[in-house]
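Chemist: Give me a 3D structure for the following:
(chains A, B, C and D)
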Number of protein chains: 4
Amino acid sequence: MTKYVLPVRVYLEDTDAQGVVYNASYFRFMERARTECLRDRGIDHDRLREEHGVMLVLASIEAVFKAPARLSDMLYVSAAVDDATGARLCFKQQVRRHSADGEVVCEGAAEVACMDARGGRPRRIPATLRSELTA
Amino acid sequence: MTKYVLPVRVYLEDTDAQGVVYNASYFRFMERARTECLRDRGIDHDRLREEHGVMLVLASIEAVFKAPARLSDMLYVSAAVDDATGARLCFKQQVRRHSADGEVVCEGAAEVACMDARGGRPRRIPATLRSELTA
Amino acid sequence: MTKYVLPVRVYLEDTDAQGVVYNASYFRFMERARTECLRDRGIDHDRLREEHGVMLVLASIEAVFKAPARLSDMLYVSAAVDDATGARLCFKQQVRRHSADGEVVCEGAAEVACMDARGGRPRRIPATLRSELTA
Amino acid sequence: MTKYVLPVRVYLEDTDAQGVVYNASYFRFMERARTECLRDRGIDHDRLREEHGVMLVLASIEAVFKAPARLSDMLYVSAAVDDATGARLCFKQQVRRHSADGEVVCEGAAEVACMDARGGRPRRIPATLRSELTA
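Modeler: This is a model prediction of the structure:
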């Protein structure tokens, strides 16, 4: 399963007074990568609602911090579809620093629920969508 | 004209790697104070649209930085309606540090346009709304 | 073990174009509650370094989203020390909506590592600090 | 005087419940463009302190909102050094939407003070730095 990798530069807005990237900033970075990962497969929220009658809603997210990132660092933030079963879509994510050894800064995961666009109830991921996601 | 003052604690999320409050954070603080200033007069977005058929849209904002604020500082963020003429509503804002001398950290201003809730065109601030704003 | 509860008002800055509180905002809210939970016990970063020679570093965080929160909602964000063993300090966190039934919006957890303030290596939580944390 | 233009994609994190880009997000975008404008001329904070003994501190910022930007929009955020006299460095900034007509979304300005890196007092911009800035 292919993995999307988004380059992200660390700006002042992403850091905190401890001199490192602030914890919640990693979730902003990882969401950017998931968005581009889906966009790369031609999937966006409008199309999901119109063509498939579904919407994707974040069910849970987590991050494990391995090493600090700092101002001006160039990071590579990846998103890969790890599983797409029933009404659940799972992403594995990683943040690496641009450097000789590509040190892992953070590892994350996100679980997304497929919901009916009207009723807001869980719905199986449509087969055509699933095949696009796991291609 | 009375002035609304909102206490705001500085958390890690508000700071940056230079060890001070990040510039855009002041605009978040000032918007909180404007919101509470309006709420205090019973004004919220739903009521504006339903009772008056208008919506308020931010036209411009500015901030002049006088002194840095830091992690754990307690700030007092004020918002006062400075002018409400025609279709324009102007706020003056100030951020002071909780301390013996109440040092001014930042001074700001915001200009809000009154727009028709449907057409999105400028509209005179309704008289009843104006009197609530300037009471 | 007592639990600290911080009231948090939802402002425009916390929401996103889907009309709900943005996912990373919950981590900002939960960090505010952890900070106040520690401050309430007299623990802050300066004192930790000076008195105990240690610093606390976030090792992992997670959130499970149960229901959406929206603009103007009043939330109650809790932080409770769940465990403090060896060099690890674990918080359990919850975000509830201010309403008759106090609906749970989000459940979270944070794991904090106690590190030597100089060398940056893991260090047992000092006994006096542990007793303050778990009192 | 040349102008630096940074492409910025609008993600969920940048928007608010009114369905548009949140006001303070524009200041994050404009700061990214100023940073890249300086980096492009080989200027960064470490070099300023080491080679010139100065630091740059934000003195004031402002934004005038012309049109709303929305989720998934591609924006072009520019930063141009407008003036560099005495101890003041002024940037003019603009945010345009990627579209046939390149609609202007926001116009901004930032004033930066050159300060002594030790004493924190205003200092004339060093001549070599000034020529790099205005080249």
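Chemist: Please identify the helix or strand for residue A:30.
Modeler: Per DSSP states H and E: residue A:30 is located in helix A:23-40.
Chemist: Show residues contacting that helix.
Modeler: The contact list for helix A:23-40, computed with Cβ atoms under 8 Å, 6 or more residues apart in numbering or on different chains, reads A:3-6, A:8, A:13-15, A:44, A:61, A:63, A:65, A:75, A:77-81, A:91, A:93, A:95, A:106, A:108, A:110, B:13, C:23-25, C:27-28, C:31, C:58, C:61, D:9, D:11-13. (C-beta placed from N, C-alpha, C; glycine too.)
Chemist: 7 Å instead, please
Modeler: By Cβ atoms under 7 Å, 6 or more residues apart in numbering or on different chains, the list of residues contacting helix A:23-40 from outside reads A:4, A:6, A:8, A:14, A:44, A:61, A:63, A:75, A:77-79, A:91, A:93, A:95, A:106, A:108, A:110, B:13, C:23-24, C:27-28, C:31, C:58, C:61, D:11-13.
Chemist: Only the buried residues of that helix, if you could.
Modeler: If you call a residue buried by 16 or more other Cβ atoms under 10 Å in any protein chain shown, then helix A:23-40 has these buried ones: A:23-38.
Chemist: which of the residues you listed lies closest to chain B?
Modeler: residue A:24 (6.5 Å; Cβ to the nearest Cβ).
Chemist: Could you check how far the spatially most distant residue from the centre of chain A is from residue D:99?
Modeler: Most distant residue from the mean C-alpha position of chain A: residue A:17, 26.1 Å away (Cα atoms, centre = their mean). For residue A:17, the distance to residue D:99 (Cβ to Cβ, to the nearest Å) stands at 39 Å.
Chemist: re the thing from before, helices - which of the contacts of helix A:23-40 land there?
Modeler: C:23, C:24, C:27, C:28, C:31 (DSSP state H).
Chemist: hmm, back to that, and the helix holding residue A:30, what's its mean pLDDT?
Modeler: In this model, helix A:23-40 has a mean pLDDT of 97.
Chemist: Next, the angle from that helix to helix C:23-40.
Modeler: 170 degrees (axes from the mean of the first three to the mean of the last three Cα atoms, to 10 degrees).
Chemist: Point me to the residue of chain A nearest chain C.
Modeler: Distances between chain A and chain C by Cβ to the nearest Cβ are smallest at residue A:62, namely 3.6 Å.
Chemist: Run a quick neighbour tally on that residue.
Modeler: 18 (other Cβ atoms under 10 Å in any protein chain shown).
Chemist: Next to chain C, which bits of chain A? Give me the list.
Modeler: Chain A comes close to chain C at residues A:23-24, A:27-28, A:31, A:58-65, as judged by Cβ under 7 Å from any Cβ of the partner chain.
Chemist: and chain A, which of its residues are near chain B?
Modeler: Residues of chain A lying near chain B (Cβ under 7 Å from any Cβ): A:12, A:13, A:15, A:16, A:17, A:19, A:22, A:24, A:71.
Chemist: How about the third one, nearest residue that isn't a chain neighbour?
Modeler: The one in question is residue A:15. residue B:17 (3.7 Å; Cβ to Cβ, 6 or more residues apart in numbering or on different chains).
Chemist: quick one on the thing from earlier: pretty sure the residue farthest from the centre of chain A contacts residue B:19?
Modeler: Yes. Residue A:17 is in contact with residue B:19 according to Cβ atoms under 7 Å; the separation is 5.1 Å.
Chemist: Secondary structure of residue A:46: a helix, I assume?
Modeler: Yes. Assessed by DSSP: H, G, I helix; E, B strand; the rest coil, residue A:46 belongs to a helix.
Chemist: Name all residues that make contact with the residue of chain A closest to chain C.
Modeler: So residue A:62 contacts A:108, A:109, C:60, C:61, C:62 (Cβ under 7 Å, 6+ apart).
Chemist: let's see 8 Å
Modeler: By Cβ under 8 Å, 6+ apart, the residues touching residue A:62 are A:108, A:109, A:110, C:60, C:61, C:62, C:63.
Chemist: out of everything not next to it in sequence, what's closest to the second one?
Modeler: Of all residues beyond its chain neighbours, the one nearest residue A:109 is residue A:62 (5.3 Å), with distances taken as Cβ to Cβ, 6+ apart.
Chemist: and if you look at the last one?
Modeler: Once its chain neighbours are removed from consideration, residue C:63 has its nearest residue in residue C:108; the separation is 4.4 Å (Cβ to Cβ, 6+ apart).
Chemist: Find the centremost residue of chain A, please.
Modeler: Nearest residue to the geometric centre of chain A (Cα atoms, centre = their mean): residue A:34, 3.0 Å.
Chemist: What are the buried residues along the helix or strand of chain A with the lowest mean pLDDT?
Modeler: Ranked by mean pLDDT, DSSP states H and E, the weakest helix or strand in chain A is helix A:45-47, scoring a mean of 82. Buried positions in helix A:45-47, judged by neighbour count with 16+ other Cβ under 10 Å: residue A:45.
Chemist: Then stretch A:50-69?
Modeler: A:52, A:54-56, A:58-63, A:65, A:68-69.
Chemist: now do stretch A:10-25
Modeler: So, applying 16+ other Cβ under 10 Å, buried residues of stretch A:10-25: A:10-18, A:20-25.
Chemist: residue contacts, residue A:61?
Modeler: Remark: with contacts taken as Cβ under 8 Å, 6+ apart, residue A:61 is in contact with A:27, A:30, A:108, A:109, A:110, A:111, C:23, C:62, C:63.
Chemist: before we move on, what about residue A:63?
Modeler: By Cβ under 8 Å, 6+ apart, residue A:63 lies in contact with A:23, A:26, A:27, A:30, A:106, A:107, A:108, C:60, C:61, C:62.
Chemist: Go through these and say which is closest to chain D.
Modeler: Minimum distance to chain D across those is 8.6 Å, recorded for residue A:27 (Cβ to the nearest Cβ).
Chemist: so how far is residue D:7 from that closest one?
Modeler: 23 Å.
Chemist: do residue A:122 as well
Modeler: Following Cβ to Cβ, the distance that separates residue A:122 from residue D:7 is 37 Å.
Chemist: Looking at these two, which one has more neighbours?
Modeler: Taking other Cβ under 10 Å, residue A:122 and residue D:7 do not tie; residue A:122 has more neighbours (15 against 10).
Chemist: who's in contact with residue A:124?
Modeler: Residue A:124 makes contact with A:86, A:87, A:114, according to Cβ under 8 Å, 6+ apart.
Chemist: Check residue A:6 too.
Modeler: Counting by Cβ under 8 Å, 6+ apart, the residues that residue A:6 touches are A:29, A:32, A:33, A:36, A:76, A:77, A:78, A:79.
Chemist: any idea what sits nearest it, other than its immediate chain neighbours?
Modeler: Nearest residue to residue A:6 in three dimensions, chain neighbours excluded: residue A:33, at 4.4 Å (Cβ to Cβ, 6+ apart).
Chemist: Repeat that for residue A:106.
Modeler: Spatially, and ignoring its direct neighbours in sequence, residue A:106 is nearest to residue A:95 (4.1 Å; Cβ to Cβ, 6+ apart).
Chemist: count of residues packed around the one you found?
Modeler: 27.
Chemist: Tell me if I'm right that it and residue A:74 touch.
Modeler: No. Residue A:95 is not in contact with residue A:74 according to Cβ atoms under 8 Å; the separation is 11.2 Å.
Chemist: between those two, what contacts are shared?
Modeler: With Cβ under 8 Å, 6+ apart, residue A:95 and residue A:74 have common neighbours residue A:8.
Chemist: What separation do you get for residue A:107 and residue A:63?
Modeler: As judged by Cβ to Cβ, residue A:107 and residue A:63 stand 7 Å apart.
Chemist: again, but for residue A:93
Modeler: From residue A:93 across to residue A:63, the span is 8 Å (Cβ to Cβ).
Chemist: what residues are shared contacts of those two?
Modeler: Common contacts of residue A:93 and residue A:63 (Cβ under 8 Å, 6+ apart): A:30, A:107, A:108.
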